[in-house]
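**Student:** How does the following fold in three dimensions:
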Amino acid sequence: MLFRSVRGVCREITAERERDAELAEAQNRRLLLTRIIRAIRDEVDPEAMLGAAATAIIRALGAGACVLYRGEAGALKPAAHKGAMPQGGAVAQAMQALADADGIIEVDLSSYGGEGKALAAATSYRGKINGALLLWRNARDRAFSAEESELAGEVAAQLAVAYQQLANHE
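**Tutor:** Here you go, the predicted structure:
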């Protein structure tokens, strides 16, 4: 019997697997963002459009609730709401934390007397804040991941344009 060696035939595939995983995440993020944008685009009525967007955002990010804020008269006011947010001043505190921060923040509402975790992102058009996005998860649920935070930032950028279009329409 003749035996031959196969030494040196194997190759390192870790980098390929990591690249494939990153590509799959990017494709999934693109599909979720497309679904949210379609929900916004397919509605004609502004209130229905924002409600559809909030529903699509909840589904895409697995949140328990979503509140979309629009900038009106120098203040952010709720424009659409889906799901049950925690009661009390915890949400207001989270929004204040967003105003004090830059970009996307995750807030543990228990530090403000609430329950759960919130992810907030400001929407800005041409350097001016014109709204915000606030997502909430129950304390029993997992924290928001970095990918979900990134997707929320992309959604906030799309909402900023939609808010500006609504303001122009009004």
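
**Student:** how far does stretch 111-118 sit from the chain's center?
**Tutor:** 18 Å (CA atoms, centre = their mean, to the nearest Å).

**Student:** And the next helix or strand past the lengthiest helix in the chain?
**Tutor:** When every helix of the chain is counted residue by residue (DSSP state H), the longest turns out to be helix 14-41. The helix or strand immediately downstream of helix 14-41 is helix 46-61, counting by DSSP states H and E.

**Student:** just to revisit the earlier point, in the longest helix of the chain, what counts as buried?
**Tutor:** Across helix 14-41, burial judged by 16 or more other CB atoms under 10 Å covers 29, 32-33, 36-37, 39-40. Where C-beta positions appear, they are placed from N, C-alpha and C, glycine not excepted.

**Student:** tell me which of those residues is nearest to residue 139?
**Tutor:** When these are compared for distance to residue 139, the smallest value, 24.4 Å, is given by residue 32; criterion: CB to CB.

**Student:** Do you know the pLDDT at the nearest residue to that closest one once chain neighbours are set aside?
**Tutor:** Counting by CB to CB, 6 or more residues apart in numbering, the nearest residue to residue 32 once its immediate chain neighbours are dropped is residue 60, at 4.1 Å. Among the per-residue scores, residue 60 shows a pLDDT of 84.

**Student:** Kindly list the main-chain dihedrals of residue 130?
**Tutor:** Residue 130 adopts backbone torsions of phi -120, psi 10, taken as degrees, to the nearest 10.

**Student:** residues contacting it?
**Tutor:** Residue 130 is in contact with 70-71, 123-124, 160, 163-164, 167, counting by CB atoms under 8 Å, 6 or more residues apart in numbering.

**Student:** Distance of it relative to residue 113?
**Tutor:** Counting by CB to CB, to the nearest Å, the gap between residue 130 and residue 113 amounts to 29 Å.

**Student:** Equivalent analysis for residue 129, please.
**Tutor:** Counting by CB to CB, the gap between residue 129 and residue 113 amounts to 26 Å.

**Student:** So between the two, which is more surrounded?
**Tutor:** Ranked by neighbour count (other CB atoms under 10 Å), residue 129 and residue 113 place residue 129 first, with 16 against 11.

**Student:** Remind me which helix or strand that one belongs to.
**Tutor:** Residue 129 belongs to strand 128-137 when elements are defined using DSSP H and E.

**Student:** and that strand, which residues are buried?
**Tutor:** Neighbour-count burial for strand 128-137, with 16+ other CB under 10 Å as criterion, is recorded at 129-137.
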